[in-house]
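Peer 1: From the sequence below, what's the structure:
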Amino acid sequence: MIQVKGVDLGAGRPKICAPLIGETREELLREAVLAKESGTDLVEWRIDYYEDVFQADAVMQTLTLLHEMLEELPLLFTFRTLAEGGKQEISIRGYHALYQSVVHSGLVDMVDIELSKIESFEKERLAQISQLNIPIIISTHNFKETPADPVLLYQLNLMEHFGAAIGKIAVTPQNERDVLRLMELTRRAGAFVSMPLITLSMGKLGMISRLSGNLTGSVMTFGALTPEKSTASGQMTVKELKEIIELLNRNDKS
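Peer 2: Numbering: from 1, shown residues only. Predicted coordinates:
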């Protein structure tokens, strides 16, 4: 179990995370207000949407304001690259510099680093993040298919090897069997890795995987603040997720 600002990831129902995707500071601050009102458990700043992402001073100023506005809501920091479904590309040097400045700012509670980028980080740099008590989510996204189970397990083992506090796998199903296979792999992954997992089968076909964490053990799901602010196919709103997850986790008194 990972605890971030009193939110227990790995205990109880799966937690809901709302991405902030504003292109400007003003849009992001409006989204932060919506996030606080939505009842989400965590917030993710998808900084790859931000128009000033390569302006270090602007990033820090905006991050400071978000931190103040979100108060006790945990903040996950993510730059999602084009290959992984993000909005823009970044050099390895820029990726490192961005994360280095953010983790030392004291303004974020978790970071997401892509598995494809993790090998470029020096061990000392990853150790520094851990020493700052900032849990690392190591993630991988596949928009073509759901790889075979041995491939998925290999990816999870790599994530744990590189010190992930949480491993995240998002894949694209070709049929219902792919969805059920990912859910079953998540359920039995504790025999192979000790870290908590976030697993998502994308698109409408995989929507059930966003709701079934109480059965499979996936500790987090992602919900849009409004239908127009979805960051992935099949993503529901925070309001919809809350209603369904609360219903699924209601005590049976019959």
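
Peer 1: Could you pull out the helices in this protein for me?
Peer 2: With helices called from DSSP state H, the chain shows them at 25-38, 56-70, 92-103, 115-118, 123-131, 149-161, 176-188, 213-216, 238-248.

Peer 1: For Leu197, which of the ones you listed is the nearest?
Peer 2: Relative to Leu197, the nearest member of the helices of the chain by C-beta to C-beta is helix 176-188, separated by 5.8 Å. To be clear about C-beta, it is placed using only N, CA and C from the backbone, and glycine gets the same treatment.

Peer 1: Would you mind writing the CA trace of that closest one as PDB?
Peer 2: C-alpha atoms of helix 176-188 as PDB (Å, rounded to 0.1, in the frame of the first residue of the first chain):
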ATOM      1  CA  GLU A 176     -13.500  -9.200 -24.900                       C
ATOM      2  CA  ARG A 177     -11.000 -11.900 -24.200                       C
ATOM      3  CA  ASP A 178      -8.200  -9.300 -24.100                       C
ATOM      4  CA  VAL A 179     -10.100  -7.300 -21.500                       C
ATOM      5  CA  LEU A 180     -10.700 -10.300 -19.300                       C
ATOM      6  CA  ARG A 181      -7.100 -11.500 -19.700                       C
ATOM      7  CA  LEU A 182      -5.800  -8.200 -18.400                       C
ATOM      8  CA  MET A 183      -8.100  -8.200 -15.500                       C
ATOM      9  CA  GLU A 184      -7.100 -11.800 -14.600                       C
ATOM     10  CA  LEU A 185      -3.400 -10.900 -14.900                       C
ATOM     11  CA  THR A 186      -3.900  -8.000 -12.600                       C
ATOM     12  CA  ARG A 187      -5.700 -10.200 -10.100                       C
ATOM     13  CA  ARG A 188      -2.800 -12.700  -9.900                       C
END
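
Peer 1: Now do it against helix 149-161, angle only.
Peer 2: 40 degrees (axes from the mean of the first three to the mean of the last three C-alpha atoms, to 10 degrees).

Peer 1: Residues in contact with helix 176-188: which ones?
Peer 2: Applying C-beta atoms under 8 Å, 6 or more residues apart in numbering, the external contacts of helix 176-188 come out as 145-146, 149, 152-153, 169, 171, 173, 197, 199, 201, 205-206, 208-209, 212, 215-218.

Peer 1: Including mean neighbour count, mean pLDDT and distance to Arg13, could the helices of the chain go into a markdown table?
Peer 2: Below are the helices of the chain laid out as a markdown table (neighbours: other C-beta atoms under 10 Å; pLDDT from 0 to 100; distance: least, C-beta to C-beta, whole Å):
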| stretch | mean neighbour count | mean pLDDT | distance to Arg13 |
| --- | --- | --- | --- |
| helix 25-38 | 17 | 97 | 16 |
| helix 56-70 | 16 | 97 | 21 |
| helix 92-103 | 16 | 96 | 29 |
| helix 115-118 | 18 | 95 | 27 |
| helix 123-131 | 13 | 89 | 27 |
| helix 149-161 | 16 | 97 | 22 |
| helix 176-188 | 17 | 97 | 15 |
| helix 213-216 | 18 | 92 | 6 |
| helix 238-248 | 16 | 91 | 6 |
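
Peer 1: Could you tell me the end-to-end distance of stretch 136-149?
Peer 2: Using C-alpha to C-alpha, to the nearest Å, the end-to-end distance of stretch 136-149 comes to 23 Å.

Peer 1: quick one: that stretch to chain centroid distance?
Peer 2: 13 Å (C-alpha atoms, centre = their mean, to the nearest Å).
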